[in-house]
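Asker: requesting a structural model of the entry that follows:
(4 chains)
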2 protein chains.
Amino acid sequence: MGPVNSATWSLLLDGAEIILREEGYASLTSRRIAERVGIKQQLTYYYFRTMDELMVAAFRRLSKRELARLQSALSSDFPLHEFWSVCSNAGDARLISEFMALAHRSEGVKREVVDFIERSRRMHTRAIAKSIKNARKKSGIAALSPVALAFLTTSIALALTRESALGIRSAHREILDLVKQGLSALEPDAAQTKEPIRRFR
Amino acid sequence: MGPVNSATWSLLLDGAEIILREEGYASLTSRRIAERVGIKQQLTYYYFRTMDELMVAAFRRLSKRELARLQSALSSDFPLHEFWSVCSNAGDARLISEFMALAHRSEGVKREVVDFIERSRRMHTRAIAKSIKNARKKSGIAALSPVALAFLTTSIALALTRESALGIRSAHREILDLVKQGLSALEPDAAQTKEPIRRFR
DNA sequence: GTCTATACACCGATAGAC
DNA sequence: GTCTATCGGTGTATAGAC
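Answerer: Below is the predicted model of the structure:
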């Protein structure tokens, strides 16, 4: 069994991410990955016992990276604005949504995905709670609990990216304005210092 | 080429739906469908030229049925409550989400999916607009345009079903109460006459 | 309309040479 | 650690008998 984090090990996971992004999980095969990164198919089984193990490893690496990215967003000057920006990244959203689909087909992947969602929601919730407490004048948004706001934010980000990928645009502009308004209510200074978030046309 | 809407033709699409629901789109193969409904694999190609054609036909049939279901919901006494109830049906949500994933891999499916989303959103938007106009006292919810409310409703329904399928429950109770409250603001009489919607524990 | 037979490509996975 | 060779299984799709 090949060593974790070695060069070829990482290369295989890189290939897995590329395939998932570009072609979806149905094309996530050892042959396709190997072909994409220029190695022999059978080498896959030196580093991973089964394809399922590879998928779990791929998501675990992605999850680690994504949680670090979210954590660093939450450590910035405008945590909620930055968190939203990370959530709205189309490439990673696509990747995570492919893994969510895979979660229905692999117990191992499912465990990791659930763990990731719960962790990121907890982080997000704590940050929202802090922002609400710090906000000078309470806006109507504080009628909702932090965890509900966290759920809504990520749900909206995912729906926007998914529909954008299909070419659907109806209501997007208004929803985006609404989110921006909500974020600015919780982080008032961000509106002046940062340019408007414009991720969807 | 076998006749559309014949018994075996329908049987094949039934099988396709079952496979999609139970195993996801990666398992949507002619062998698996045929095995599931008890016919020979090769017969698939008497009714459909390619698997892609079968998928498009399957979604078209589902889309028709679903739009009819939504339309009939909107013709009921409490259109928005009923629409929400249909959207929150776990089985159909799963099916539609599998087709959305398939849309990334098939131009034909993509066209049908986009058409379905746009049609259902238009129907939903019109119904919301009508309810807002009819509502006696305007609630805070009317600050949002009908199409934005339509987007939010379906996004929330999809996110709730997806997370429920994974076993995640955080914030669900509160979000469900929020939706119920919004629906009741637009359709005030429904609260008394119908029992509370309780689709997620 | 449904069947058998069959083509050819791709899949996961293993054995063993170097 | 990477390679060649190879297995049995499954995938789409076609030809042709009944």
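
Asker: A:Glu82: neighbour count?
Answerer: For A:Glu82, the count of nearby residues is 22 (other C-beta atoms under 10 Å in any protein chain shown). Yep, even glycine has a C-beta here, placed from its N, CA and C like the rest.

Asker: how about the host helix or strand of A:Lys133 and chain B, touching?
Answerer: Using DSSP states H and E, A:Lys133 falls within helix A:107-134. Yes - contact of helix A:107-134 with chain B (C-beta under 8 Å from any C-beta of the partner chain) involves A:Lys110, A:Val113, A:Val114, A:Ile117, A:Glu118, A:Arg121.

Asker: apart from its chain neighbours, what residue comes closest to A:Leu149?
Answerer: Of all residues not flanking A:Leu149 in the chain, A:Ile128 sits nearest, at 5.1 Å (C-beta to C-beta, 6 or more residues apart in numbering or on different chains).

Asker: verify the stated contact: that neighbour with A:Pro146.
Answerer: Yes - applying C-beta atoms under 8 Å as the test, A:Ile128 and A:Pro146 come out as touching, 4.0 Å apart.

Asker: higher neighbour count, those two?
Answerer: Each of A:Ile128 and A:Pro146 has its neighbours counted (other C-beta under 10 Å); A:Ile128 has more, 25 against 21.

Asker: please convert the buried members of the residues of helix A:107-134 next to chain B into ChimeraX selection syntax.
Answerer: Selecting the buried subset of the residues of helix A:107-134 next to chain B in ChimeraX, with 16 or more other C-beta atoms under 10 Å in any protein chain shown as the burial test, is done by:
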select /A:110,113,114,117,121
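
Asker: can you count the residues close to the residue nearest to A:Ala26 when sequence neighbours are not counted?
Answerer: Leaving aside its sequence neighbours, A:Ala26 sits nearest to B:Ala26 (C-beta to C-beta, 6+ apart; 4.4 Å). Neighbourhood size, B:Ala26 [other C-beta under 10 Å]: 19.

Asker: same check, this time on A:Ala129
Answerer: Residues near A:Ala129, counting by other C-beta under 10 Å: 15.

Asker: look at the residue nearest to A:Leu149 and report its pLDDT.
Answerer: Looking at A:Ile128, its pLDDT stands at 98.

Asker: give me phi/psi at A:Gly24?
Answerer: phi 90, psi 170 (degrees, to the nearest 10).

Asker: so what's A:Ala171 up against?
Answerer: A:Ala171 sits next to B:Arg121, B:Ser145, B:Val147, B:Ala148, B:Ala150, B:Phe151 when contact means C-beta atoms under 8 Å, 6 or more residues apart in numbering or on different chains.

Asker: redo those residues as TSV? Include secondary structure.
Answerer: Shown next, in TSV, are the contacts of A:Ala171 (DSSP: H, G, I helix; E, B strand; the rest coil):
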residue	secondary structure
B:Arg121	helix
B:Ser145	coil
B:Val147	helix
B:Ala148	helix
B:Ala150	helix
B:Phe151	helix
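
Asker: farthest pair in the residues you listed?
Answerer: B:Arg121 and B:Ser145 (12.2 Å; C-beta to C-beta).

Asker: how close does A:Arg69 get to B:Leu166?
Answerer: Counting by C-beta to C-beta, to the nearest Å, the gap from A:Arg69 to B:Leu166 is 22 Å.
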